[in-house]
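>>> all I have is the shape, not the residue letters:
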């Protein structure tokens, strides 16, 4: 099943935000989808960074170059249904486009935006959580194997700690690459800043 990603995820990986490694782990072997509006929202977020003098023009252009390395299928979204979502969930159209994309593609959603996560959950969309690694003891792993495997499938990886304190990683077998595994640009953005830039555009 493909994953719908939003602008916050794309900015996080292109700017080497601290969550990048976890985002890559979660998406090994996956395919990405996004609404056709993604490139324009990405560009708008970059312009918001310019206005706040957070990045230079050369850094903005390099972010765009890195963005173009990510393989994302851009999907047309049913606008009428998106607007219905916007009205029922009291959200902006850009958020509704992302949720409608996940709904019509029957896909999970990956975002760093807490507001979008909550709205998507209300709409019945499965949201992938970008959380710290789940760790089980070896005894828990033996007793709760089904739960451990489900967690590994849902989050991409779990850790199992043996009695000798050695940790082991358990992850589903997939291809060993993520579309998000790109060089990126080191501009020291936090997840909170990224969501703020995206929100500045969406909230207009």
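Cool, the structure landed. What you are looking at is a predicted structure, and each value in this text was computed from that prediction instead of being measured.

>>> only C-alpha atoms from now on, for both contacts and neighbour counts.
Will do.

>>> now the strands for the chain?
Taking DSSP state E as the criterion, the chain carries its strands at 3-5, 32-35, 72-75, 108-110, 127-128, 134-137, 158-161, 167-170.

>>> can I get those in a markdown table including mean neighbour count and mean pLDDT?
Formatted as a markdown table, the strands of the chain follow (neighbours: other CA atoms under 10 Å; pLDDT from 0 to 100):
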| stretch | mean neighbour count | mean pLDDT |
| --- | --- | --- |
| strand 3-5 | 24 | 97 |
| strand 32-35 | 24 | 97 |
| strand 72-75 | 16 | 97 |
| strand 108-110 | 24 | 96 |
| strand 127-128 | 20 | 93 |
| strand 134-137 | 16 | 78 |
| strand 158-161 | 20 | 80 |
| strand 167-170 | 14 | 78 |
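
>>> between the ones you listed, which one is nearest to residue 198?
strand 3-5 (13.3 Å; CA to CA).

>>> which elements pack onto that closest one?
Under the contact criterion of 3 or more CA pairs under 8 Å, 6 or more residues apart in numbering; DSSP states H and E, strand 3-5 touches strand 32-35, helix 93-104, strand 108-110.

>>> let's go with 10 Å and repeat that
strand 32-35, strand 72-75, helix 93-104, strand 108-110, strand 127-128 (3 or more CA pairs under 10 Å, 6 or more residues apart in numbering; DSSP states H and E).

>>> quick check: residue 182 touching residue 23?
No. Using CA atoms under 10 Å, residue 182 is not in contact with residue 23, being 11.7 Å away.
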